[in-house]
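Visitor: coords below, sequence missing:
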């Protein structure tokens, strides 16, 4: 395991590591570099190439105003799960962004629960927050009709309006 930031070389510890973020070379990065938006050399080169290609496309669209811009980036779409219950056949939908947000909250709530063991009031509040987040996430994964977790899932992409 690498104990140094792949961009600035700063020594990493539990408090300054940007968990889940790394360079293309799979080196971890520090929170400072992550907040500043620093990228590895490879990523910077790719971003410059992408920006040049984007500018060329913009020029092409300016020269030909009849052409409609087609959404090409992930941020131009909304993703949602279409779930079909195998027990009763009910169909329900859930936004992917909502589920990711709840999963992230659940992770942080677990950290706060462990960190507040000495303070009973803070510990109890952290446990309530953790349970509430877990319940919300479980509700999204259950059929609203029969509360079954036996379902088929399909990821659907919609163009933002």
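Guide: In hand now; what should we look at? This is a predicted model, so every value here is computed, not measured.
Visitor: Quickly note the distance from the residue nearest to the spatial centre of the chain to residue 79.
Guide: Centroid-nearest residue in the chain: residue 100, 5.5 Å away (criterion: Cα atoms, centre = their mean). From residue 100 across to residue 79, the span is 10 Å (Cβ to Cβ, to the nearest Å). All C-beta atoms are positioned from the backbone trio N, CA, C, and that covers glycine.
Visitor: Then residue 12?
Guide: 32 Å.
Visitor: Neighbour count for these two, which is higher?
Guide: Between residue 12 and residue 79, counting by other Cβ atoms under 10 Å, residue 12 is the more crowded of the two (19 against 14).
Visitor: doesn't residue 30 make contact with the more buried one?
Guide: Yes. Counting by Cβ atoms under 8 Å, residue 12 touches residue 30, with 5.9 Å between them.
Visitor: Now list whatever residues contact both of the two.
Guide: residue 5 (Cβ atoms under 8 Å, 6 or more residues apart in numbering).
Visitor: Any buried residues in whichever strand or helix holds residue 125, and which?
Guide: Under the criterion of DSSP states H and E, residue 125 resides in helix 120-140. Buried positions in helix 120-140, judged by neighbour count with 16 or more other Cβ atoms under 10 Å: 123, 126, 129, 130, 133, 137, 140.
Visitor: and if you look at stretch 12-32?
Guide: Applying 16+ other Cβ under 10 Å to stretch 12-32 flags 12, 17, 18, 22, 23, 28, 29, 30, 31 as buried.
Visitor: cool, stretch 103-123 as well?
Guide: In stretch 103-123, counting by 16+ other Cβ under 10 Å, buried: 105, 106, 109, 113, 116, 123.
Visitor: which ones are touching the third one?
Guide: Residues touching residue 109, when contacts are defined by Cβ under 8 Å, 6+ apart, comprise 126, 129, 130, 133.
Visitor: now with 6 Å?
Guide: Applying Cβ atoms under 6 Å, 6 or more residues apart in numbering, we find residue 109 in contact with 129, 130, 133.
Visitor: ok, now the second one?
Guide: Counting by Cβ under 6 Å, 6+ apart, residue 106 makes contact with residue 133.
Visitor: Run through the strands of this structure in chain order.
Guide: With strands called from DSSP state E, the chain shows them at 17-22, 28-30, 77-85, 91-95, 151-159.
Visitor: need these in a markdown table with distance to residue 145 and mean pLDDT, can you?
Guide: Listed next are the strands of the chain as a markdown table, based on distance: least, Cβ to Cβ, whole Å; pLDDT from 0 to 100:
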| stretch | distance to residue 145 | mean pLDDT |
| --- | --- | --- |
| strand 17-22 | 35 | 77 |
| strand 28-30 | 45 | 82 |
| strand 77-85 | 7 | 88 |
| strand 91-95 | 8 | 88 |
| strand 151-159 | 11 | 86 |
